[in-house]
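Q: got a predicted structure plus its sequence, pasted below:
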Amino acid sequence: MGLMSSSTLYIFDCLSGKLRASQGDLVSIGKSRDNTVRADMDADIAGSFSRKRNFYTFFPQRSIGAYTVNGTEQTASSELLPNKLYLFTAAMGCFICWYGDEDNMPNFSSYNLQAWYLYDKPNKAWHGPYAFRQLATASASLPKDCLATFEGLDRSAFYLKNLLPIISSRYPIAAASKKQKPAEANLPPIPPEAAVRQACEAVGCDVPDTAATRPMRSAHRHEPPSAAQSAPSAEQPARDIDPEHGELLCPVCWQRFTLADIMNIASHPDLRGDSLLGEDAMQRFWATSFNDKGQALDAKGVPCTDFACPHCRRRLPAFFLKLRQRIFSIVGAPSSGKSYYLAALLQQLEQSLPREYGLTFRDADPTCNAIINDMRKRLFSASSPEEAYLTKTDLEGTLYETLPRHGRMTRLPKPFIYTISGIGSDESPTGLVFYDNAGEHFEPGRNSEDSPGAQHVAVADGLCFLFDPTVNPDFRRMLKDVNDPQLQNACRAIDQQSTILTEMEVRIKTLLNLAPQERIRTPFAFIIGKCDTWQHLLEGGPLLPASENGRILQHNIDANSEHLRRFLFGLHPSICTTVEAISSDVRYFAASAFGTPPVEFTDTDNSTKRIGPDPAHLSPIHICDPTLWLLSRLEPTLIPSL
């Protein structure tokens with residue numbers, strides 16, 4: 001069958017879960033510093049897919065050596081025919097490739113990398129589910145030629161022997177414990193018999209009869225325990241969990257863990273008092289007993305629905321295991337307007353995403369988001385500047401909570417989590433994680449283990465820096481004739497923005513162990529805020545629209561970015577050079593949370609003069625552009641671009 005020239009090549013990374021789509025004639029995959037082949041990197045090329053007529057050819061670089069395609073070892077190029085699935089293992093990485101007609105495209109959104117299964121061909125038995133890092137331990141007593149697949153990957157499987165070098169390289173602790181007796185997970189969902197039959201036929205192994213799966217299924221069932229058979233209490237032995245490895249990332253303490261390490265939170269009211277969180281917290285425990293629904297049972301036999309991070313023990317957001325998490329870090333100096341910016345951004349996203357992109361924007365955790373939602377209500381429902389005024393984010397305020405981290409109690413910012421998904425779509429939503437950090441967290445000397453509140457910049461999927469031009473001396477000189485109380489206020493703080501930006505660079509590179517000259521590939525939006533005050537200074541006309549008809553206009557964003565960079569470079573060149581030393585993917589934006597200058601008013605409680613927004617004239621400018629650009633980089637299927 002002929003193939004349309006617009007057919008898309010999809011590359012799914014089985015380690016990170018990232019899906020890459022390209023219609024190019026030459027598509028490269030890259031290699032990270034730990035020698036892992038990554039489907040989403042173009043630097044340090046590991047191999048390239050070249051299209052000619054109706055098929056692709058994969059050309060490996062010498063640095064990856066031998067690789068496998070559908071279990072067969074290769075050393076030279078390999079041809080990929082249309083509408084067929086290809087499973088690759090290469091240089092400590094594994095990924096899936098497919099291209100062809102949309103009608104035959106695999107359902108990549110159904111892939112669940114948190115549930116791997118092993119098939120023992122000689123004994124016709126399935127084992128699982130496991131986290132990827134557990135496969136080495138789980139296979140200790142299984143034949144070397146057993147197969148490995150994960151939930152959603154129908155009719156295909158990897159040979160476990162090809163995955164073991166990847167596991168031992170990425171998870172040396174798991175590999176070292178391979179000689180231990182494997183422990184099966186509780187209540188594994190056995191693959192449907194039809195799917196088992198298809199998978200076995202596809203990889204050429206014997207099909208087990210239905211009776212072969214029944215003993216294994218019943219062996220994993222647990223009846224609800226009696227009081228004497230209840231699950232252990234919170235005083236379980238501590239586990240040694242590697243915070244640097246695992247398929248899950250805590251949005252609170254930013255440490256990693258596996259699905260098997262996740263903790264449950266007790267439900268029975270008598271089980272109050274956790275050994276680390278204190279007497280007011282419900283007990284955290286690792287479940288050993290479950291009901292028929294697969295829910296963990298606490299020490300009183302009550303089903304538990306909440307999970308906790310095994311490191312900081314904080315309750316994880318609802319649907320945490322179902323979301324593809326995207327962390328957005330917004331950095332700025334103290335009093336730069338981050339709280340106003342974030343409140344206005346969330347308000348505008350809720351309105352614009354359904355109307356312009358056909359996407360839902362929903363609150364994923366109303367309890368944890370209550371603080372920022374209250375800010376939104378105050379800002380957009382107020383009738384006076386006093387009601388709309390938001391107090392400065394304090395280092396020890398309600399936006400932070402005290403939790404254990406690396407053996408000590410620390411103050412960590414609360415995450416605000418929302419989801420976006422297609423209206424009426426059956427695909428899993430994408431979670432957007434934001435923080436409202438106190439600007440002092442980014443000041444030099446603040447980055448201690450006792451106060452690691454801004455370390456999310458090192459794990460962020462997208463970075464934003466909110467630059468306040470009203471405190472910058474160069475901007476203020478150009479705006480001396482502008483009637484804005486922010487400029488006239490005599491008690492302005494010293495401009496520390498260049499220092500904070502440099503500190504941000506040092507912090508990211510230190511946490512990621514990068515050399516000074518190295519740059520991250522994380523997209524970085526540099527936002528020159530309060531543009532209603534200064535945009536008249538721009539030469540060459542107004543900025544171009546960033547989106548149109550539900551698509552990002554990438555050419556306009558690039559043109560605007562170059563326009564703003566020239567303007568900023570003429571005033572403060574070191575800002576631009578520092579930004580571009582952090583990331584290789586930088587764009588400059590102008591935005592205003594208010595859309596109009598704020599007003600000065602007197603607080604009726606203590607007669608203090610303050611500056612705040614006039615709610616009668618609120619009209620944010622370009623507030624969503626940076627976030628939409630970041631999403632177009634990270635989730636192109638949700639936010640497409642031209």
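A: That came in fine, so what should we check first?
Q: so which strand or helix has L466?
A: Secondary structure assignment for L466, by DSSP states H and E: strand 462-467.
Q: go on, T398?
A: Of the helices and strands defined by DSSP H and E, none includes T398.
Q: quick one: pLDDT of it?
A: We have a pLDDT of 73 for T398.
Q: then T533?
A: Looking at T533, its pLDDT is 90.
Q: over to D34?
A: What the model reports for D34 is a pLDDT of 58.
Q: against F475, how distant is the closest residue to W534 other than its chain neighbours?
A: Excluding its sequence neighbours, the residue lying closest to W534 (CB to CB, 6 or more residues apart in numbering) is P469, at 5.5 Å. From N, CA and C alone the C-beta is placed, and that goes for glycine too. Relative to F475, P469 is positioned 4 Å away (CB to CB, to the nearest Å).
Q: overlap in contacts of these two?
A: W534 (CB atoms under 8 Å, 6 or more residues apart in numbering).
Q: more neighbours: those two, which one.
A: Taking other CB atoms under 10 Å, P469 and F475 do not tie; P469 has more neighbours (26 against 22).
Q: residues contacting the more buried one?
A: With CB under 8 Å, 6+ apart as the criterion, the residues that contact P469 are 475, 479, 528-530, 533-534.
Q: in TSV, list the residues you listed along with distance to A382 and secondary structure.
A: As requested, the contacts of P469 are arranged in TSV below (distance: CB to CB, whole Å; DSSP: H, G, I helix; E, B strand; the rest coil):
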residue	distance to A382	secondary structure
F475	28	helix
L479	27	coil
I528	26	strand
G529	21	coil
K530	19	coil
T533	21	helix
W534	26	helix
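Q: quick one: the strands in the stretch 201-350 of the chain, in order.
A: 248-249, 256-257, 263-265, 272-274, 278-282, 284-285, 296-297, 303-304, 307-308, 324-332 (DSSP state E, counting those that start in this stretch).
Q: for E580, which of these is the nearest?
A: Set against E580 and scored by CB to CB, the strands of the stretch 201-350 of the chain come closest in strand 324-332, at 15.6 Å.
Q: for that closest one, packing partners?
A: Here strand 324-332 touches helix 338-352, strand 430-434, strand 462-467, helix 497-511, helix 625-634, going by 3 or more CB pairs under 8 Å, 6 or more residues apart in numbering; DSSP states H and E.
Q: what strands line up against that strand, and which way round?
A: strand 430-434 (parallel), strand 462-467 (parallel) (DSSP bridges).
Q: what's the angle between it and helix 497-511?
A: Strand 324-332 and helix 497-511 are oriented at 140 degrees to each other (axes from the mean of the first three to the mean of the last three CA atoms, to 10 degrees).
Q: tell me the mean pLDDT for strand 324-332?
A: Average pLDDT, strand 324-332: 91.
Q: check the offset of that strand from the chain's centre.
A: 8 Å (CA atoms, centre = their mean, to the nearest Å).
Q: using PDB, write out every CA atom in it.
A: The C-alpha trace of strand 324-332 is given here as PDB (Å, rounded to 0.1, in the frame of the first residue of the first chain):
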ATOM      1  CA  ARG A 324       1.800  12.800  32.700                       C
ATOM      2  CA  GLN A 325       3.400  15.400  34.900                       C
ATOM      3  CA  ARG A 326       4.900  18.700  33.500                       C
ATOM      4  CA  ILE A 327       6.600  21.000  36.100                       C
ATOM      5  CA  PHE A 328       6.800  24.700  35.300                       C
ATOM      6  CA  SER A 329       9.100  26.800  37.400                       C
ATOM      7  CA  ILE A 330       8.500  30.500  37.600                       C
ATOM      8  CA  VAL A 331      11.500  32.400  39.000                       C
ATOM      9  CA  GLY A 332      11.700  36.100  39.800                       C
END
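Q: what's the angle from it to helix 338-352?
A: Angle between the axes of strand 324-332 and helix 338-352 is 140 degrees (criterion: the same axes, to 10 degrees).
Q: I would like the residues contacting strand 324-332, please.
A: Contact with strand 324-332 is made by 17, 249, 251, 338, 341-342, 428-437, 439, 442, 454, 456-457, 459-468, 497, 500-501, 504, 627, 630-631, 634-635, as judged by CB under 8 Å, 6+ apart.
Q: which residue is the nearest non-sequential neighbour of A525?
A: The shortest distance from A525 to any residue other than its chain neighbours is 3.7 Å, reached at P626 (CB to CB, 6+ apart).
Q: which ones are touching the one you found?
A: 464, 525, 527, 587, 589, 591 are the contacts of P626 under CB under 8 Å, 6+ apart.
Q: let's go with 7 Å and repeat that
A: By CB atoms under 7 Å, 6 or more residues apart in numbering, the residues touching P626 are 464, 525, 527, 589, 591.
Q: same thing with I241?
A: Taking CB under 7 Å, 6+ apart as the test, what I241 contacts is 257, 261, 310-311.
Q: quick check: C146 vs D120, distance?
A: Taking CB to CB, one finds C146 at 5 Å from D120.
Q: mind giving me JSON lines with the contacts of P469 and columns for distance to G550?
A: Formatted as JSON lines, the contacts of P469 follow (distance: CB to CB, whole Å):
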{"residue": "F475", "distance to G550": "35"}
{"residue": "L479", "distance to G550": "36"}
{"residue": "I528", "distance to G550": "26"}
{"residue": "G529", "distance to G550": "26"}
{"residue": "K530", "distance to G550": "29"}
{"residue": "T533", "distance to G550": "31"}
{"residue": "W534", "distance to G550": "30"}
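Q: looking at those residues, state which has the most neighbours.
A: Highest neighbour count within the contacts of P469, by other CB under 10 Å: K530, with 29 neighbours.
Q: angles on the backbone of that residue, please.
A: Main-chain torsions, K530, degrees, to the nearest 10: phi 50, psi 40.
Q: no further questions, thank you.
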